[in-house]
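> requesting a structural model of the entry that follows:
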Amino acid sequence: MTRLGFAWRITGARIEAVRLGKPLRWALAVEPAELVGRTVRDVRRRGKYLLVDLDVGLLLMHLGMSGSLRFDLGLPAPGTHDHFDLVTSRGTLRLNDPRRFGAVVYAHDENAPLAAKLLGGLGMEPLEATFDVDRFHEGLRRRNASIKQVLLAGDLVVGVGNIYASEALFIAGIRPSLPASRISRPRAVRLHAAVREILARAVERGGSTLRDFANVDGQSGYFQLEASVYGRAGQPCRVCATPVRQIRQGQRSTYFCPKCQKY
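You can find the predicted model right below:
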């Protein structure tokens, strides 16, 4: 969702300046002045990384847990939590991150050691044709962790965050605590389709808003407003009216319907 908000606007822009704020998770790995004069060729996504392709090299951007990007011609002066500005001929791309878990890193190409380290272990893209159901099921069979944790891990399938994992498991009728290795192929097929459905719907709704997240135009996402189980502990299930339950898995909140998701 973030990429779609600015990719077409920044493509072809010339970098005019780079401003760094407080240190983020990793160093930029290049002197900011060396980026001035380069041209943005494309913006891609790989898992939770945005890849800003330049005529020479690329920037890998990660929003961490609380980061957000803004892109505009008339952004105000940087604030306390604005840690990176890419000033271009078409506007400024700004990373705001209160917790500073995000990162912006430069690499010569995707085969550079740091880029390969960050991108090499990522799983399948759920909205692309490469998200193969047989490969998905085979990956589940090799994992004994709970299915919710496997979805969040990102090494089998990427982009399935906490909200989307809870919602996909609800649609598929699978209890979040079930070991992934116990999921049959028919249930894996249902889950595969549910992941696609949930993420496609989230794209249409502009994503989800938790705390201070906003898209590149500063607008909130609305997917969470129609969630079936996420954030609805104690409220009636939209299907069977059974109270939605909340549990903790890996220090994250999980929501499910004990009747619709028996197994």
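> could you give me the average pLDDT of stretch 63-75?
The pLDDT scores in stretch 63-75 average 89.
> quick one: buried residues of it?
63, 64, 66, 67, 68, 69, 70, 71, 72, 75 (16 or more other C-beta atoms under 10 Å). Quick note: C-beta positions are derived from backbone N, CA and C, even for glycine.
> save the residues you listed as CSV, and put in secondary structure and distance to residue 252 too.
Converted to CSV, the buried residues of stretch 63-75 look like this (DSSP: H, G, I helix; E, B strand; the rest coil; distance: C-beta to C-beta, whole Å):
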residue, secondary structure, distance to residue 252
63, coil, 17
64, coil, 15
66, coil, 15
67, coil, 18
68, strand, 20
69, strand, 24
70, strand, 27
71, strand, 30
72, strand, 33
75, coil, 33
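> gap between the residue positioned nearest the centre of the chain and residue 180?
Central residue check for the chain by C-alpha atoms, centre = their mean: the C-alpha nearest the mean position is that of residue 48, 4.2 Å away. Going from residue 48 to residue 180 by C-beta to C-beta, to the nearest Å gives 21 Å.
> then residue 85?
With distances taken as C-beta to C-beta, residue 85 is found 42 Å from residue 180.
> same drill for these two, tell me which one is more crowded.
Shown here are residue 85 and residue 180; by other C-beta atoms under 10 Å, residue 180 has more neighbours (24 against 19).
> for the helix or strand where residue 170 lies, buried residues please.
According to DSSP states H and E, residue 170 maps onto helix 162-172. Using 16+ other C-beta under 10 Å as the test for burial, helix 162-172 gives 162, 163, 164, 165, 166, 167, 168, 169, 170, 171, 172.
> can you check stretch 132-151 too?
Quick answer for stretch 132-151 (16+ other C-beta under 10 Å): 136, 137, 139, 140, 143, 146, 147, 148, 149, 150, 151.
> so how far is residue 53 from the third one?
This means residue 139. Taken as C-beta to C-beta, the span from residue 139 to residue 53 is 29 Å.
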